[in-house]
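Peer 1: build me a model from this:
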Amino acid sequence: MNLLLAALLPAILSPSAVRIQWNPAAGASSGYRVERQKDGGSWEAIGETPLTKFESAGLEPGVLYHHRVCPILTSGCGKWIAIPDARTPSRSRLEQPGELIVSHSAGIPRVDVGSFLEMDGGLSLFLGSFTGTKDVSRSRIARVTSMDGGKTWSSPAILFEEPDVSLLHPALVRMKSGEIGLAYSKLRGGNQAAKVFRYSRNEGKSWSDEIPLSDGSISYMTGASDRLYRLSNDRLVSLVHGKLVNVGGSKEENGRSGLGTDVFISDDNGRSWHKSNAKTLTVNENPFAAEVHEYGFWETGMVECAKGKLLMIGRTATGWAYQSRSDDFGSTWSEPARFRALRNPEAPVYLTMIPGSNDILMLYNPIVDVASGWHLGPRTILAAQISSDQGRTWHGYRELAYSTAGQWFCYPCARWVGNTLHVAYHHWTDFGTSRFVIDTRYQKLSKEVLEGKN
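Peer 2: This is a model prediction of the structure:
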């Protein structure tokens, strides 16, 4: 077979992504392995797929790329199929950051996004408002509100604060009872943390006392923002990660930490919580230990992709996302396994179902570059992809935000209101300061635009 004739011309999706395509190969019952080579560089594995197409993302604009695929046979990898070369286009605009809705200030150099919810006649976004730039700096839970569908936003109002404790990672949910549930982390330095829960019966005008959510089985138990879910059976699920291994102090002290995820569930509207997984979910691989200070399976995101069937995707230190699945509303979970459809730096993935469909929308950072020396790749692109098969393959690559000046966009949170998706995310700038400053950026996207129909 002429290997070049076995492949089709790549389709340019954006300055950071191309879709490669090829004709079926005999014996490829287990799918295809995909590799990529930047012009003048080395070949690297970027994924596996059961399909005869693959979206290669996280590319540099204006660069020539080579791709190849091989059928996965029972005896191993078959003959390589060479894909015609593709040169990504240059950027037509220097920046596409989204709308700035909450800016840092001298007293608040860092504003971390949290969680959206429709409440009290408007759309509220809960935030972490930091008095310093570090992860362990003191933070308060703040709130901004839009009464006009996201066109304008109020100034931040502090809701919860404690003198010597950092409150962060808010997550909101509307419960079956109509009450609002709020989970957040309480951090005391780099090695002691817990997750707590409150509820409101009057649209956030007042809140219950704190209810313990995490169980204290690990001294440091926290979790990313917006990781509180209501399932189709009205069960509440909170994803919590903890430090299983800690050597040399916290990461602020250049220590090394191994982290794992525990799943806490409530069947009584958040009044009590218990851990569902018998064994903490983790990935004991740290192949780039010189570049990263944390490893494991953490800052996981989740979606109910069919009734009772849950997909969890987590951050690791391997250069790949890992996945765990549950078929019983989160009561039991599979061991984390490499998500061979998704290369991923040390950055969290956000998942949500597209209304009126069986499609999953994923928001993520696509660039993996171990040589960059921090988090296995710069978060200069925030992108979206869609899965129509419960997360096994992905398509519809779209850039939401990007920077050509080294600024970062990450940690998205999102909420559907009808067929409109409201998205907020971190915007990291001024890396030359004591650490960096973080603003909150925002976009409003229609279902039709995300699905490529408009």
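
Peer 1: show me what residue 180 is bridged to.
Peer 2: In this entry, residue 180 is beta-bridged to residue 174, residue 200, by DSSP bridges.

Peer 1: okay, which residue is most central for this protein?
Peer 2: Geometric centre of the chain, nearest residue: residue 349, 1.8 Å, by CA atoms, centre = their mean.

Peer 1: can you pull the contacts of that one?
Peer 2: By CB atoms under 8 Å, 6 or more residues apart in numbering, the contact list for residue 349 reads 301, 313-315, 321, 342, 362-364. In short, each C-beta sits where N, CA and C put it, glycine included.

Peer 1: same question for residue 183.
Peer 2: 169-171, 195-197, 213, 227-228, 238.

Peer 1: of these, which pair is most distant in space?
Peer 2: Longest distance between any two of these is 13.8 Å, between 196 and 227; criterion CB to CB.

Peer 1: if you rank the contacts of residue 183 by neighbours, which is first?
Peer 2: For these, the largest number of neighbours (other CB atoms under 10 Å) sits with residue 169, at 29 neighbours.

Peer 1: which residue is the nearest non-sequential neighbour of that residue?
Peer 2: Closest residue in space to residue 169, ignoring its immediate chain neighbours: residue 185 at 4.3 Å, by CB to CB, 6 or more residues apart in numbering.

Peer 1: contacts only, for the one you found.
Peer 2: 166-169, 193-196, 222-223.

Peer 1: how about the strands in the stretch 351-454 of the chain?
Peer 2: Using DSSP state E, counting those that start in this stretch, the strands of the stretch 351-454 of the chain run over residues 360-364, 381-387, 395-403, 408-417, 420-429, 437-446.

Peer 1: hang on, I meant the stretch 51-200 of the chain
Peer 2: Ranges of strands in the stretch 51-200 of the chain, per DSSP E, counting those that start in this stretch, are 53-57, 64-73, 76-77, 81-87, 95-96, 99-102, 110-119, 122-130, 139-146, 157-160, 166-174, 180-187, 193-200.

Peer 1: measure residue 396 to residue 14 for me?
Peer 2: Distance, residue 396 to residue 14, using CB to CB, to the nearest Å: 11 Å.

Peer 1: where does the stretch 151-300 of the chain have low pLDDT?
Peer 2: 248-255 (pLDDT under 70).

Peer 1: make it 90
Peer 2: For the stretch 151-300 of the chain, applying pLDDT under 90 flags the ranges 189-191, 246-256, 289-293.

Peer 1: how about the stretch 1-150 of the chain?
Peer 2: Low-confidence segments of the stretch 1-150 of the chain (pLDDT under 90): 1-8, 26-29, 40, 74-77, 91-96, 133-136.

Peer 1: neighbours of the closest residue to residue 54 other than its chain neighbours, how many?
Peer 2: Nearest residue to residue 54, sequence neighbours excluded (CB to CB, 6+ apart): residue 34, at 5.0 Å. Number of residues near residue 34 (other CB under 10 Å) recorded here: 25.

Peer 1: OK, contacts around residue 34?
Peer 2: Going by CB under 8 Å, 6+ apart, residue 34 touches 20, 45-49, 54, 56, 67-69.

Peer 1: and for residue 321?
Peer 2: 313-315, 339, 342-344, 349, 364.

Peer 1: again, 6 Å this time
Peer 2: Contact analysis of residue 321 by CB atoms under 6 Å, 6 or more residues apart in numbering lists 313, 339, 342, 344, 349.

Peer 1: re earlier: quick one, which of the contacts of residue 34 are buried?
Peer 2: 20, 46-49, 54, 56, 67-69 (16 or more other CB atoms under 10 Å).

Peer 1: doesn't residue 226 make contact with residue 299?
Peer 2: No. Contact between residue 299 and residue 226 fails when scored by CB atoms under 6 Å: they sit 11.0 Å apart.

Peer 1: still on that earlier bit, any idea how far residue 28 is from the residue nearest to the centre of the chain?
Peer 2: From residue 349 to residue 28 the distance is 28 Å (CB to CB).

Peer 1: and what of residue 290?
Peer 2: When residue 290 is compared with residue 28 (using CB to CB), they lie 37 Å apart.

Peer 1: of those two, which one has the most company?
Peer 2: residue 28 (18 against 8).

Peer 1: sorry, back to before: ranking the contacts of residue 321 by neighbours, who comes first?
Peer 2: residue 313 (27 neighbours).

Peer 1: residues touching that one, list them.
Peer 2: Residue 313 neighbours (CB under 6 Å, 6+ apart): 301, 321, 323, 349.

Peer 1: the helix or strand hosting it: which residues count as buried?
Peer 2: Assigned by DSSP states H and E, residue 313 belongs to strand 309-315. For strand 309-315, the neighbour count (16+ other CB under 10 Å) marks 310-315 as buried.

Peer 1: next SSE after that strand?
Peer 2: Sequence-wise, the next helix or strand downstream of strand 309-315 (DSSP H and E) is strand 320-326.

Peer 1: that next one to strand 360-364, inter-axis angle?
Peer 2: Angle, strand 320-326 to strand 360-364, by axes from the mean of the first three to the mean of the last three CA atoms, to 10 degrees: 150 degrees.

Peer 1: what pLDDT, on average, does strand 320-326 get?
Peer 2: Regarding strand 320-326, the rounded mean pLDDT is 97.

Peer 1: now do it against strand 309-315, angle only.
Peer 2: With the same axes, to 10 degrees applied, the angle from strand 320-326 to strand 309-315 works out at 150 degrees.

Peer 1: work out the gap between strand 320-326 and the centre of the chain.
Peer 2: Relative to its chain's centre, strand 320-326 lies at 12 Å (CA atoms, centre = their mean, to the nearest Å).

Peer 1: parallel or antiparallel, which strands does that strand pair with?
Peer 2: By DSSP bridges, strand 320-326 pairs with strand 309-315 (antiparallel), strand 337-343 (antiparallel).

Peer 1: residue 27 reaches residue 73, doesn't it?
Peer 2: Yes. Under the criterion of CB under 6 Å, residue 27 makes contact with residue 73 at 5.1 Å.

Peer 1: which residues touch residue 219?
Peer 2: Applying CB under 6 Å, 6+ apart, the residues contacting residue 219 are residue 192.
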